[in-house]
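Chemist: please find the sequence and the predicted model below.
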Amino acid sequence: MKNKRQLKILNLIKNEIIRTQKELVKKLEEMGIDVTQATISRDIKKLGLIKIPDKEGGYKYAKADQKSSAENKYWLKKMFNNLVADIDFSENLILLKAVKGTAGGLGEALDNANWDHIMGSVAGDDTLLLIIKPSHKTEKVFEDLKELMN
């Protein structure tokens, strides 16, 4: 049932604009699949879904596919322009302030981009913390990320 549900989720986000977990739960229930929002949240994480800007000025779920370096940079730039409000760093940490509800998607996108020297990320609702290694590369990563905001 889990695999079937996850395939349905992938099909839904590919063919429809799904903006929230609540919408996803409703669509699955319309298809006869009873599911809780907690289960959907786990599925989203397992499937590597992220929120990206849609054509209507909102955000929708999408699969964080492995893209070429140029495509990744394009999408990251688009995400940073639309979602990141502020960025700062200290020692080996970079802190991003983002639009409410989008920090997890930003972290997932950066994790999937395999950005040099970013060990990983920790996301809250509107805050993303990046861990950089080695620490002397933090300022370089910060400047590269800041460039995405321009």
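Modeler: Noted; the coordinates are in hand. These figures come from a predicted structure and were not determined experimentally.

Chemist: help me confirm that K46 comes into contact with Q6.
Modeler: Yes: with contact defined as Cβ atoms under 8 Å, K46 and Q6 form a contacting pair (7.0 Å). C-betas here are computed from N, CA, C, even on glycine.

Chemist: these two: which has the busier surroundings?
Modeler: A direct count of neighbours by other Cβ atoms under 10 Å for K46 and Q6 places Q6 higher, at 15 against 11.

Chemist: and the contacts of the helix or strand encompassing that one?
Modeler: When secondary structure is defined using DSSP states H and E, the element that contains Q6 is helix 2-15. For helix 2-15, contacts defined as Cβ atoms under 8 Å, 6 or more residues apart in numbering pick out 18, 24, 27-28, 31, 33, 35, 39-40, 43-44, 46-47, 49, 60-63.

Chemist: now, those that are in helices?
Modeler: Counting by DSSP state H, these place 24, 27-28, 39-40, 43-44, 46-47 in helices.

Chemist: buried among the residues you listed? Make that a PyMOL selection.
Modeler: Selection of the buried residues among the ones in helices among the contacts of helix 2-15 in PyMOL, burial being defined by 16 or more other Cβ atoms under 10 Å:
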select buried, resi 24+27+28+39+40+43+44+47
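
Chemist: domains of the protein?
Modeler: With automatic domain parsing as the criterion, the domains of the chain are listed as 2-47, 69-148.

Chemist: comparing these, which comes out most buried?
Modeler: Between the domains of the chain, domain 69-148 has the highest mean count of neighbours, a mean of 16, where neighbours are mean count of other Cβ atoms under 10 Å.
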